[in-house]
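1. with the input below, show me the fold.
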Amino acid sequence: MRFGSIIFKIFGCVFPCAILLTLGTWQILRLREKLHIIHTMSGAIVPLPEGDDLQSYNYKRIQVQGTFKTTYFKVFAGRAGYYFLQPMELTDGRHVLINRGTLSEYAKIDVKDASMDEQVSGTLYCTLSSKTKWVAANNADKNLWFWYDIESMSKHIGVPLEGCIIWGDNTSLLDGLQPNKMLQVRNDHLEYAITWYTLAMIWVGGYIYFLRTRQRFRSRPHNPE
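-> The predicted structure is shown next:
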């Protein structure tokens, strides 16, 4: 077998097929991860853990008790407007941001000083993506945030905040505030995996058809003119 023929087969079939199979397998791994997240979100409500163990409770149902502070943050939520995040001082002295709902761009919120403890349940959300920081910068002075920069938020209000937020689902609503929709986890990885694996099979089938067609063409007798 000639060296050129080996190179042709590697780049014509093996290499593209390996890429497609890798993409399909990666989607399967992502599918398993998303199914684990969905299962975690359907679990029983537990208290907010202490210490540095918050990340291991990501997407778990959490219940906390404390008083809301008068400060708040507006985080861009696309067509829904802005998420309304308010710090809560827990009974143990910690502070955590609660996503209490969404408000439109022109809605005005009258935040009063809370004097009584409230109990809030929701989903602990620690996957605070900062992808959009390459597109838009947060503006703390105008209270306009495009991504969850907990460190900067904490410095802005002078209060140490926990590194995760709680996606509240039963908070007492303020005038002009729309209740949160349940935190959704997009899970279309099975469709993507099927697509990549199907493309790999089509590629192999097409390559085999090409080889057989070329072989038949070469095996035909050529009559001299």
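
2. quick one, domains of the chain?
-> Listed domain ranges for the chain are 3-38+188-214, 60-168 (source: automatic domain parsing).

3. now those as TSV including distance to residue 50, mean pLDDT and mean neighbour count?
-> Using the backbone N, CA and C atoms, a C-beta is placed for each residue, glycine as well. Listed next are the domains of the chain as TSV, based on distance: least, CB to CB, whole Å; pLDDT from 0 to 100; neighbours: other CB atoms under 10 Å:
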stretch	distance to residue 50	mean pLDDT	mean neighbour count
domain 3-38+188-214	23	84	14
domain 60-168	7	86	16
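
4. so which of these is nearest residue 53?
-> Smallest distance to residue 53 across the domains of the chain (CB to CB): 10.7 Å, for domain 60-168.

5. measure that closest one end to end?
-> Domain 60-168 has an end-to-end distance of 12 Å (CA to CA, to the nearest Å).

6. what's the distance between the most centrally placed residue in the chain and residue 35?
-> Centroid-nearest residue in the chain, with CA atoms, centre = their mean: residue 127, separated by 6.6 Å. Distance of residue 127 to residue 35, given as CB to CB, to the nearest Å: 16 Å.

7. with residue 77 instead?
-> 26 Å.

8. residue 110 now?
-> Separation of residue 110 from residue 35 (CB to CB): 42 Å.

9. what of residue 70?
-> To residue 35, residue 70 is 41 Å away according to CB to CB.

10. OK, contacts around residue 104?
-> Residues in contact with residue 104 (CB atoms under 8 Å, 6 or more residues apart in numbering) are 81, 82, 176.

11. now swap in residue 178 and tell me
-> By CB under 8 Å, 6+ apart, the residues touching residue 178 are 80, 81, 101, 102, 103.

12. tabulate those (CSV), appending secondary structure and distance to residue 137.
-> Listed next are the contacts of residue 178 as CSV, based on DSSP: H, G, I helix; E, B strand; the rest coil; distance: CB to CB, whole Å:
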residue, secondary structure, distance to residue 137
80, helix, 21
81, coil, 19
101, strand, 25
102, strand, 22
103, strand, 21
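
13. packing partners for the helix ranked longest in the chain?
-> When the chain is parsed with DSSP state H, its longest helix is helix 189-219. Applying 3 or more CB pairs under 8 Å, 6 or more residues apart in numbering; DSSP states H and E, one finds that helix 189-219 makes contact with helix 15-41.

14. how distant is the helix it packs on from the center of its chain?
-> Distance, stretch centre to chain centre, for helix 15-41: 15 Å (CA atoms, centre = their mean, to the nearest Å).

15. renumber starting at 52 from here on
-> OK, 52 is where the count begins now, so the last one is helix 66-92.

16. distance of residue 233 relative to residue 82?
-> Residue 233 sits 21 Å away from residue 82, going by CB to CB.

17. same deal with residue 244?
-> The gap separating residue 244 from residue 82 is 7 Å, by CB to CB.
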